[in-house]
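K.L.:
Predicted coordinates and the sequence they were generated for:
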Amino acid sequence: MEELKITLTNISKKLLNYYYINCGGCCLYAYLIAKQLDIRNIPYKVIIEHPYHSKKEYNNQAQNQSKYLRIQHIFLRISDKFYYDSDGIQSRWHKDKISLNIDSEKILNLYTNGSWNPAFKELTSKTRIKKLKQIIKQEFNEYDKRVENSMRY
């Protein structure tokens, strides 16, 4: 678990200049991280902060059965140990939230179908989104190397 925390912290540090990631891009970010967690079979839950709708409605949107539900902020609870968004790791979060057990592809549905603050899409170029994806992939490749090396000893 410590190797994963190092990886997530490194990613967050590299994203300090992505000013608008939590203004409409948090779901895309959660998807990109969850996709890497899915590959490695690391369990997580999707957390919706300050929900405007019911858990059932958000699950429907994740299944492509609802459109444009409002979501204020979305992040992950990893291995029931800690919370994570682009700002970094937190051991606790306040209680005004909904927890969903969905995979990364369903998170992508939330992003595609959700009603988000448009600042992220308007102020973040496709080149920067591509770079964001590269940073995440590169750091998880480093994670794999560290985990493999730690198993040798």
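P.N.:
Sure, I can see it. Residues are numbered from 1 along each chain as shown.

K.L.:
And the residue nearest in space to the middle of the chain, how close does it get to Met151?
P.N.:
Geometric centre of the chain, nearest residue: Ala30, 1.3 Å, by CA atoms, centre = their mean. Computed as CB to CB, to the nearest Å, the Ala30 to Met151 distance reads 28 Å. Any C-beta I mention is one placed from the backbone N, CA and C, and that applies to glycine too.

K.L.:
re earlier: list the contacts of the residue nearest to the centre of the chain.
P.N.:
Ala30 sits next to Val46, Ile74, Phe75, Leu76, Asp85, Ile107 when contact means CB atoms under 8 Å, 6 or more residues apart in numbering.

K.L.:
Then His50?
P.N.:
For His50, the contacting residues are Gln72, His73, Asp96, Lys97, by CB under 8 Å, 6+ apart.

K.L.:
Now, of these, which are buried?
P.N.:
His73, Lys97 (16 or more other CB atoms under 10 Å).

K.L.:
Among the contacts of His50, name the least confidently predicted one.
P.N.:
Lowest pLDDT among these: Asp96, with 71.

K.L.:
What are the buried residues along the one helix or strand in the chain whose mean pLDDT sits lowest?
P.N.:
Every helix and strand in the chain was compared by mean pLDDT, DSSP states H and E; the lowest is helix 119-123, with a mean of 86. Using 16+ other CB under 10 Å as the burial criterion, the residues of helix 119-123 that qualify are Phe120.

K.L.:
pLDDT averaged over whatever helix or strand comes next after that helix - what is it?
P.N.:
Later in the chain than helix 119-123, the nearest helix or strand by DSSP states H and E is helix 126-152. Over the span of helix 126-152, the pLDDT mean works out to 92.

K.L.:
Can you classify the residue nearest to the centre of the chain by secondary structure?
P.N.:
Secondary structure, DSSP: H, G, I helix; E, B strand; the rest coil: Ala30 is helix.

K.L.:
I'd like the distance between it and Ser150.
P.N.:
Plainly put, Ala30 is 27 Å away from Ser150 if you go by CB to CB.
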